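[1] Predicted model and sequence below, questions to follow.
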Amino acid sequence: MDLPRLPPHDGSVLSVVDMHTGGEPLRIITSGYPKIEGDTVLSKRRFVREHLDHLRKVLMFEPRGHYDMYGALLVQSELPDADLGVLFMHNEGYSTMCGHAVIALGRYAVDYALVKTPSARETQVNIHCPCGLVKAFVEYSYGKTGAVRFHSVPAFAFATDVKVTVPGHGEVAVDISYGGAFYAFVSAERFGLDVNTSRTRDLVDVATAVTNAVKSQVKLRHPVHEDLSFLYGTILTDGKDSFSDEPTANVCVFADAQVDRSPTGSGVTARIALQYHKGLIQLNQTRTFRSGATASLFTGKAVQETICGDFKAVVVEVGGHAHYTGVASFVQESNDDLSQGFLLR
């Protein structure tokens, strides 16, 4: 049976492969972008943000996407060890790291032959993210879905028990940790909420208020790249940070009040780094993290001590599963007044 084809049109076409990891969508852009200038992945990120942001809106926003859509644009890496480079995009702009996307891209890279020497047992895929080189390990052969795990860039606790004033909630103590992106962490119980049962809207409102407070009251600093020195979002937890065989739940609200459906790969990385910094877990102790939104699961553990500038850091291994949801070609017709995309809150 022939696949459906686009009817005659006068617009440009953007082609994508859609996946999800733990319920969090990933739209992988396979064709339709013009040439992306820049000698490094970070400079390409700046170029896309400054010159091609309209295409992010076309693919992430309605009518082709939705408020919580997430995207990955494959680019050429300057690192000789990288199998691919990637830029991440969402409703607000461009992230520096995305764990759920790395898990999906690991599987995608094997299936679409983006690695030179795939293995029937476990294939390593080196993915150059804006935060650095991330190593994914894909445990399956084509058509047999298995776990994908990745080793993070150096992750570290930036600050603990930082007091910020949150409108309507007074003084709130938060932890700030880096897992390829910076996150603020606080227990949902501090606000009388439960990450597993409270309304999503209530969790989003509180997390957004915390994010805004931290952005306005705390100066973040990445010790290597200034482009990484920004707060990506707030993760509300169930407060169960000490090591346990039982899953611990969290909900991540990032970018412009966007809700991660998965446990959040870079968030798990940052949370493991924070727990290790506090002495709550040891190296190679595996924890299971559950999404308060979908109950999907990731695993995480600190596998190696390292440094990042003047911070003591750890390499974190995060594992999960990714699945395909479809393939699409999107068109922009010249007489479509809504072609550039829009969002409804």
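    The structure has been received and is ready for your questions. Numbers count the residues shown, from 1 in each chain.
[2] ok, Tyr33 - how many residues close by?
    Under the neighbour criterion other Cβ atoms under 10 Å, Tyr33 is assigned a count of 15. In short, each C-beta sits where N, CA and C put it, glycine included.
[3] ditto for Gln304
    Residues near Gln304, counting by other Cβ under 10 Å: 13.
[4] Please apply the same query to Arg221.
    12.
[5] do the same with Met19
    By other Cβ under 10 Å, neighbour count at Met19 equals 23.
[6] and it, bridged to which residues?
    Beta bridges link Met19 to Leu26, Tyr324, judged by DSSP bridges.
[7] Leaving out the residues flanking it, which one is nearest to the residue most central in space within the chain?
    The chain has Cys98 as the residue nearest its centroid, 2.4 Å off, counting by Cα atoms, centre = their mean. When the adjacent residues along the chain are set aside, Cys98 lies closest to Phe88, with 4.5 Å between them (Cβ to Cβ, 6 or more residues apart in numbering).
[8] The helix or strand where that neighbour lies: how far from the chain's middle?
    Assessed by DSSP states H and E, Phe88 sits inside strand 84-89. Remark: strand 84-89 is offset 11 Å from the chain centroid, using Cα atoms, centre = their mean, to the nearest Å.
[9] Take it, keep the C-alpha atoms, and write them as CSV.
    What follows is strand 84-89, C-alpha atoms only, in CSV (Å, rounded to 0.1, in the frame of the first residue of the first chain):
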residue,chain,number,x,y,z
LEU,A,84,25.9,13.3,15.5
GLY,A,85,25.3,16.7,16.9
VAL,A,86,21.9,18.0,18.0
LEU,A,87,20.1,21.2,19.0
PHE,A,88,17.1,20.9,21.3
MET,A,89,14.0,23.1,21.0
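[10] what is the mean pLDDT for the very next helix or strand once past it?
    Using DSSP H and E, the helix or strand that follows strand 84-89 towards the C-terminus is strand 94-95. What strand 94-95 shows for mean pLDDT is 98.
[11] neighbouring contacts of strand 94-95?
    Arg45, Val48, Arg49, Arg56, Leu87, Phe88, Met89, Pro130, Ala181, Tyr232, Phe254, Ala255 (Cβ atoms under 8 Å, 6 or more residues apart in numbering).
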